[in-house]
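> Okay, structure incoming, though there's no sequence with it:
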DNA sequence: AGGTCTTTCCTTTTT
DNA sequence: GGAAAGACCT
């Protein structure tokens, strides 16, 4: 037995590590060291039980959790983690399907994974094509239905009349995906399960291969994922699942807490281990977390305890305005920074992404470094997806999906009419869109542009095969030869940002080039393109950088910080309004529980009497979770006048209509709401360029923007 | 066909 | 207050 395996583990944790045979379920409270248990267990299997790394399958929900587990296991066992299947559900399935999908033709191993934006576009086009208005028939609703169907979630169709339409759209959508060899996120899991179910040879192969299976965040599995785990572990049944019912916060995408009970029912020999000691948080933080979660009905009361001390009572601040709330956060961060904390010790959390905007502005204003999680992911940015589509088309000319995406991007006068013509022609000749260009009988500007486009792609293909050109330079060649760079350069500052993002893509190519040096250039790119859709923005973050982290509670899952601010703790924001109307208050409460338990040393609850929502000022009540925490457990800070300053409607419209007119000339000194003082360096019609002090630099903005005022 | 102005709807949460 | 789709014009 390797000594380091059990080092520093309590009895329960040791038991969880050492019980390697048969089904085991670990109910792990927040901060009870479940990641430690998971990684030590894998190390134990490899080092002491002589299990090959390739016989272990460990699945998590986020790339981040998977990467962390991989790194920590690598440290412990000192072997190449390349052979280990430590990944997310989705990337496990993607990897499985790369070798097995041809069992269910017409899919081929060259399949492409599409993201939600792509799915929505396809559904939107179908709805329009069927003659319905997307205003009345929202693509999102259809997508939700399609996804629920795939995941085995009962979908309540409110309007019975629509049922036929739902089915029709779903069938068209799925047909379209199959025809183009596309898989959406749900397909990855569903098709993997289908192959395992239908092909016994495949099933037996993988059941034999994965002698040990570990599942993290088990409470977040949906029906299909549950079935997948069960079938994979069907032979050896060495299935180890870790979860916490109180942290189930993904029911909106089909997660079923019931799976916890179902598992023990399906596998009656399951050994149950409870981890109840919390090593993360102080007593008072744990106490209020328990206060909140105990309001949920029907849960098994856990007895989470800690021997941590060093207590600071959590603080509660209410601002007159959200700006005041933000100022409070800024002040506290500054104060604690002086006391010796680093910026990276702080996290600011909120219920939904849009709440980050105003706190970002304030952090900017006070020059505090922060990093925003979530928002638009790097890999779903239009420019990144466009360049990837170019790469795909260059590599395989029959990729119609990519062809359609970029044939008129940048604009080449190849409009929908021309595409329809090309499609019809392709149907007759049974060729891809790209290959149909030759046999198209047409003329005019559009047609000439199409011919040009074809030669550009062929030229780029030559560049790709030309080993004298560094692989990463293919991106520059695309930017240059397709006119994409030109288009971006002409679109001002935003275009510059987009160009920078595309340069980032080059570093990703370089990464793949380095780690797959034995593959051909085309194969390296294919490998990257296959994996890119499953990458999320989280992968792109540098969590060690000394900056304040901004994220939603969902993004915070599995993370911990010394100091946590839970902001905008107001009814209808958190708990979220829609959740309230859907009767999912229990899940909101679990989200709150997750938030509180992220904090190690200090916790702040903040809110404000007024806040702008959709550009309108609103007043919300204090979140019910504050009273559930208990006022006695919080230290009220700041003075709060209980008068709610609601502006009259007349005053509001006055504010909106207030038009600023700045008479600016070069050399004038102005003050900007966010960037401070600056000097006008250029005036061009309605646009002025103003030089601000570093690091802001020169900004172009509207002359009459209300945030600018002339000083002298 | 494409550019620009106008309107609408919006906001849960994510792989 | 802002993105994105639609309307309208060139």
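Cool, the structure landed. In this text, all values refer to a predicted model and were calculated from it rather than measured experimentally. Residues are numbered from 1 along each chain as shown, chains lettered A, B, ... in the order given.
> just how off-centre is whichever helix or strand residue A:528 is part of within its chain?
Secondary structure assignment for residue A:528, by DSSP states H and E: helix A:521-532. Put simply, helix A:521-532 sits 21 Å off its chain's centre (Cα atoms, centre = their mean, to the nearest Å).
> Give me the sheet partners of the next helix or strand after it and which way each runs.
Scanning forward in sequence from helix A:521-532 by DSSP H and E, the next helix or strand is strand A:548-552. The strands that strand A:548-552 pairs with in its sheet are strand A:346-350 (parallel), strand A:370-372 (parallel) (by DSSP bridges).
> in chain A, which ranges drop under the pLDDT threshold?
Using pLDDT under 70 as the threshold, the predicted model of chain A has low-confidence ranges A:155-162, A:310, A:375-376, A:537-543, A:639-663, A:665-667, A:672-676, A:681-708, A:712.
> And the one residue in the stretch 501-650 of chain A that gets nearest to DNA strand B, how far from residue A:80?
Here the residue of the stretch 501-650 of chain A nearest DNA strand B is residue A:554; by Cβ to the nearest atom of the strand that distance is 3.2 Å. The C-beta positions use only the backbone N, C-alpha and C, and glycine is treated the same way. Here the criterion is Cβ to Cβ, to the nearest Å. By it, residue A:554 lies 33 Å from residue A:80.
> okay, these two: which has more neighbours?
More neighbours surround residue A:554 than the other of residue A:554 and residue A:80, with 19 against 9 (other Cβ atoms under 10 Å).
> For the stretch 551-700 of chain A, what lies in contact range of DNA strand B?
With Cβ under 7 Å from any atom of the strand as the criterion, the stretch 551-700 of chain A comes near DNA strand B at residues A:552, A:554, A:555, A:576, A:578, A:579, A:582, A:584, A:613, A:614, A:615.
> Apart from its neighbours in sequence, what residue is nearest the fourth one?
Leaving out its chain neighbours, the residue that sits closest to residue A:576 by Cβ to Cβ, 6 or more residues apart in numbering is residue A:351, at 5.6 Å.
> Also the third one?
Of all residues beyond its chain neighbours, the one nearest residue A:555 is residue A:373 (4.8 Å), with distances taken as Cβ to Cβ, 6+ apart.
> can you give me phi and psi for the one you found?
According to degrees, to the nearest 10, the main-chain angles of residue A:373 amount to phi -90, psi 150.
> same thing with residue A:470?
Per-residue torsions, residue A:470: phi -50, psi 140 (degrees, to the nearest 10).
> how many neighbours does it have?
By other Cβ under 10 Å, 13 other residues sit near residue A:470.
> ok, now how distant is it from DNA strand B?
31 Å (Cβ to the nearest atom of the strand, to the nearest Å).
> Compare the residues of the stretch 551-700 of chain A next to DNA strand B and tell me which is most surrounded.
Tallying neighbours with other Cβ under 10 Å puts residue A:555 at the head of those, with 21 neighbours.
> I'd say that one and residue A:377 touch.
No: between residue A:555 and residue A:377 there is no contact under Cβ atoms under 8 Å: 11.4 Å.
> got the contact list for the closest residue to DNA strand B within chain A?
Nearest to DNA strand B, among the residues of chain A, is residue A:415, at 2.3 Å (Cβ to the nearest atom of the strand). Taking Cβ atoms under 8 Å, 6 or more residues apart in numbering as the definition of contact, the neighbours of residue A:415 are A:408, A:446.
> So what does it have for phi and psi?
Recorded main-chain torsions at residue A:415 are phi -90, psi -180, according to degrees, to the nearest 10.
> try residue A:276
Comment: the main-chain dihedrals of residue A:276 come out as phi -120, psi -10, following degrees, to the nearest 10.
> measure it to residue A:578 for me?
For residue A:276, the distance to residue A:578 under the criterion Cβ to Cβ works out to 34 Å.
> hmm, back to that, wait, isn't the residue nearest to residue A:555 in contact with residue A:553?
No: with contact defined as Cβ under 8 Å, residue A:373 does not count as touching residue A:553 (11.2 Å).
> Pull up the overlap in contacts between those two.
Counting by Cβ under 8 Å, 6+ apart, residue A:373 and residue A:553 have no contacts in common.
> Reduced to three states, what does the residue of the stretch 151-300 of chain A found nearest DNA strand C come out as?
Closest approach of the stretch 151-300 of chain A to DNA strand C (Cβ to the nearest atom of the strand) occurs at residue A:169, with a separation of 15.9 Å. Of the three states, residue A:169 takes helix according to DSSP: H, G, I helix; E, B strand; the rest coil.
> got the contact list for the residue in the stretch 251-400 of chain A that DNA strand C sits nearest to?
With distances taken as Cβ to the nearest atom of the strand, the stretch 251-400 of chain A approaches DNA strand C most closely at residue A:357, which sits 7.0 Å away. Residue A:357 makes contact with no residue under the criterion Cβ under 8 Å, 6+ apart.
> Ok, residue A:571 next?
Applying Cβ under 8 Å, 6+ apart, the residues near residue A:571 are A:620, A:621, A:622, A:623, A:624.
> from these, which is closest to residue A:490?
residue A:620 (44.1 Å; Cβ to Cβ).
> ok, that closest one - how many residues close by?
Counted with other Cβ under 10 Å, residues neighbouring residue A:620 total 20.
> pretty sure it is touching residue A:611, no?
Yes: with contacts defined as Cβ under 8 Å, residue A:620 counts as touching residue A:611 at a distance of 6.7 Å.
> All the helices of the stretch 351-500 of chain A, in order from the start?
Under the criterion DSSP state H, counting those that start in this stretch, the stretch 351-500 of chain A carries helices at the ranges A:356-365, A:382-395, A:400-406, A:416-429, A:433-436, A:445-465, A:473-481, A:484-489, A:492-515.
> Now render these as JSON lines, adding distance to residue A:207.
As requested, these are arranged in JSON lines below (distance: least, Cβ to Cβ, whole Å):
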{"stretch": "helix A:356-365", "distance to residue A:207": "45"}
{"stretch": "helix A:382-395", "distance to residue A:207": "34"}
{"stretch": "helix A:400-406", "distance to residue A:207": "34"}
{"stretch": "helix A:416-429", "distance to residue A:207": "42"}
{"stretch": "helix A:433-436", "distance to residue A:207": "42"}
{"stretch": "helix A:445-465", "distance to residue A:207": "41"}
{"stretch": "helix A:473-481", "distance to residue A:207": "42"}
{"stretch": "helix A:484-489", "distance to residue A:207": "48"}
{"stretch": "helix A:492-515", "distance to residue A:207": "30"}
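> quick one: which of the contacts of residue A:571 has the most company?
Neighbour tally across the contacts of residue A:571 (other Cβ under 10 Å): the maximum, 23 neighbours, falls on residue A:623.
> got a list of what that one touches?
Residues near residue A:623 by Cβ under 8 Å, 6+ apart: A:569, A:570, A:571, A:573, A:574, A:575, A:607.
> ok, the residue of the stretch 501-650 of chain A closest to DNA strand B - contacts?
By Cβ under 8 Å, 6+ apart, the residues touching residue A:554 are A:249, A:250, A:591.
> Give me the neighbour count for residue A:147.
Residue A:147 sits with 18 neighbouring residues when counted by other Cβ under 10 Å.
> Now it: closest residue in space that isn't a chain neighbour?
Leaving aside its chain neighbours, residue A:147 sits nearest to residue A:186 (5.4 Å; criterion: Cβ to Cβ, 6+ apart).
> show me what contacts that neighbour?
Contacts here follow Cβ under 8 Å, 6+ apart; on that basis residue A:186 touches A:146, A:147, A:150, A:151, A:224.
> where's it relative to residue A:456, distance?
36 Å.
> before we move on, what about residue A:241?
52 Å.
> Past the helix or strand where the residue of the stretch 501-650 of chain A closest to DNA strand B lies, which element shows up next along the chain?
Under the criterion of DSSP H and E, residue A:554 resides in helix A:553-556. The C-terminal neighbour of helix A:553-556 among helices and strands, as given by DSSP H and E, is strand A:561-566.
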